[in-house]
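J.: the following comprises the amino acid sequence and a computationally predicted model.
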Amino acid sequence: MKLFPLAAALSFALLVSACGKNEAPAPAAEAAPAAEAPAAPAEAAPASETASATPDAAAAGDEAGKKVYGATCALCHASGLAGAPKPGDKADWGPRIAQGKDTLYTHAVDGYNGNAGAMPARGGNASLSDEDVKAAVDYMVAQSQ
């Protein structure tokens, strides 16, 4: 009987550590535009051009977040594994969104263990940059408001 709690804890740890593991890496041609898009702000552009570039930058950020979500986050968030809130579930996301994006970003980047579930740091994918993680959070929040 003492082995059951140990086996359950080990199974849970393996599931959580598996979140974010990407079996098939995205082709380099698809990954390069997503990585470059957020790094190309319109800092040098005149104010009139910056205003028209903002929707494009937002769209690029949405696309980057969608790619990260699909490659890493969906492994847990699509099914609700380990208490992960499903994108689009306003009741589950509402209290999280109310905490503010800084809290959501911190929990996603650094990891979080709480009453509602567990979030491994960077979704278990240590190769994700802070910007990638934040883009994925923004994508899921946008789906859930």
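T.: Looks like it arrived, so ask away.
J.: in stretch 66-83, what's buried?
T.: 66-69, 71-77, 81-82 (16 or more other C-beta atoms under 10 Å). The way it works is simple: take the backbone N, C-alpha and C, and place the C-beta from them, glycine included.
J.: that one: end-to-end distance?
T.: With C-alpha to C-alpha, to the nearest Å as the measure, the first residue of stretch 66-83 is 20 Å from its last.
J.: going forward, begin numbering at 372 instead of 1
T.: Got it, the first residue is 372 from now on, which makes the last one we talked about stretch 437-454.
J.: mind checking the SS state of Cys447?
T.: Following DSSP: H, G, I helix; E, B strand; the rest coil, Cys447 is assigned to helix.
J.: so it makes contact with Lys457?
T.: No - using C-beta atoms under 8 Å, Cys447 is not in contact with Lys457; the gap is 9.7 Å.
J.: tell me where this structure has helices.
T.: 374-389, 399-407, 418-439, 445-448, 461-469, 472-481, 501-515 (DSSP state H).
J.: worst-scoring helix or strand of the protein, pLDDT-wise?
T.: Scoring the helices and strands of the chain by mean pLDDT, DSSP states H and E places helix 399-407 at the bottom, with a mean of 42.
J.: grab the nearest non-local neighbour of Ala449.
T.: Lys457 (6.7 Å; C-beta to C-beta, 6 or more residues apart in numbering).
J.: what's the neighbour count on the one you found?
T.: Residues contacting Lys457 under the criterion other C-beta atoms under 10 Å number 17.
J.: pLDDT score for it?
T.: We have a pLDDT of 97 for Lys457.
J.: what's near enough to touch it?
T.: Residues counted as contacts of Lys457 (C-beta atoms under 8 Å, 6 or more residues apart in numbering) are 448-451, 463.
J.: ramachandran angles for it?
T.: When read as degrees, to the nearest 10, the backbone of Lys457 gives phi -80, psi 130.
J.: ok, it to Val512 distance?
T.: 13 Å (C-beta to C-beta, to the nearest Å).
J.: what do you get for Ala431?
T.: Ala431 sits 17 Å away from Val512, going by C-beta to C-beta.
J.: returning to that earlier point: ok, the buried residues of stretch 437-454 vs Asp501, which is closest?
T.: Asp501 lies nearest to Val439 out of these, by C-beta to C-beta, at 11.6 Å.
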